[in-house]
Structures are given as structure tokens and as C-alpha cells.
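> Model the structure of this input:
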Amino acid sequence: MEHEAFQLEKQHVHQVYESTASYFNDLQGKAWPRVRQFLLEQKPGSLIADIGCGTGKYLDVNHLVYNLGCDYCGPLIEIARNKGCEVMICDNLHLPFRDLCFNAIISVGGMRF
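Here you go, the predicted model:
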């Protein structure tokens, strides 16, 4: 059953993101005001993670904190990396981070078609 679920997710989620990644900059629009405000309120020097960062639109909101983004979709990560964001590919269900290593974490689902 778990293998079937993985295959369905791969086909109907991951492949869709990978095939539409180049359009995400236009589709994503501006940062959500409350998320932007939350990020701006973080103390200078804080370590902030954006899990499912997509193209990295929240990673450059506050330049006084250290931002790290991760996403499962390689093409989205490449777009964020080309913007100068610190990003990595990983599955948000199996994050490669120690517990309690971030000062704040965001995970915002902002995809609209």
C-alpha cells in the first residue's frame, strides 16, 4: 500500500510540480502579508527554515536572518538557487535536520492555478 501511495504522489504531485516549475515565478505573486510580517519580526541572526520553499519567494524577505529553504522539486530549487537563495532538495516528510535547530520554520502552501 505504501508503494502505491508513493507512486500516486510521484505521478500526480511531483511530476506536476516539475513540469510547471518554470511558470511558478509568475503564478506565485507576492508574499502573504502575515507570513512576511512574521519573518520580519524574527531576531537578527535567527535561523529560519522554509519547508516546501518552491521558488524561494519567502527566503529574501528578511536579510537580517539566515534563511534555508528546501523543496522536493528540483526545478523549483534551481529557480530559487538562481536567485541566490540557500536551498536544498529534500522530502518534507523526512527532513535531514536535527530537532530544535531552527529559531522558526514556515511551510506555506501558496500554489494557485
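
> what sits up against stretch 48-57?
21, 24-25, 28, 30-31, 39, 42, 58-59, 62, 65-73, 76-77, 79-80, 83, 85, 87, 92, 95, 97, 102-111 (C-beta atoms under 8 Å, 6 or more residues apart in numbering). Heads up, the C-betas are built off the backbone N, CA and C, glycines and all.

> Just the buried subset of these, written out for PyMOL, thanks.
The PyMOL selection below is limited to those of these classed as buried (16 or more other C-beta atoms under 10 Å):
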select buried, resi 21+24+28+31+39+42+58+59+62+65+66+67+68+69+70+71+72+73+76+77+79+80+85+87+102+106+108+110
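
> Now do the residue nearest to residue 83 when sequence neighbours are not counted against residue 68, distance only.
In this structure, residue 83 finds its nearest non-sequential neighbour in residue 56, 5.6 Å apart by C-beta to C-beta, 6 or more residues apart in numbering. Separation of residue 56 from residue 68 (C-beta to C-beta, to the nearest Å): 10 Å.

> go on, residue 87?
From residue 87 to residue 68 the distance is 7 Å (C-beta to C-beta).

> so where do the helices sit in the protein?
With DSSP state H, the ranges of helices along the chain come out as 2-9, 15-20, 24-28, 33-40, 74-82.

> Where among those helices is average confidence lowest?
Comparing mean pLDDT over the helices of the chain, the weakest stretch is helix 24-28, at a mean of 58.

> re earlier: out of the contacts of stretch 48-57, which are inside strands?
Members of the contacts of stretch 48-57 lying in strands (criterion: DSSP state E): 66-71, 87, 104-106.

> Now tell me which of the residues you listed the prediction trusts least.
residue 71 (94).

> thought that one was touching residue 87?
Yes - the criterion here is C-beta atoms under 8 Å, and residue 71 meets it with residue 87 at 7.1 Å.

> which residues are in contact with both of those two?
53, 77, 80.

> of the residues you listed, closest to residue 2?
residue 77 (25.2 Å; C-beta to C-beta).

> how much space between that closest one and residue 60?
Taken as C-beta to C-beta, the span from residue 77 to residue 60 is 15 Å.

> Closest to the centroid, which residue in the protein?
residue 53 (0.9 Å; C-alpha atoms, centre = their mean).
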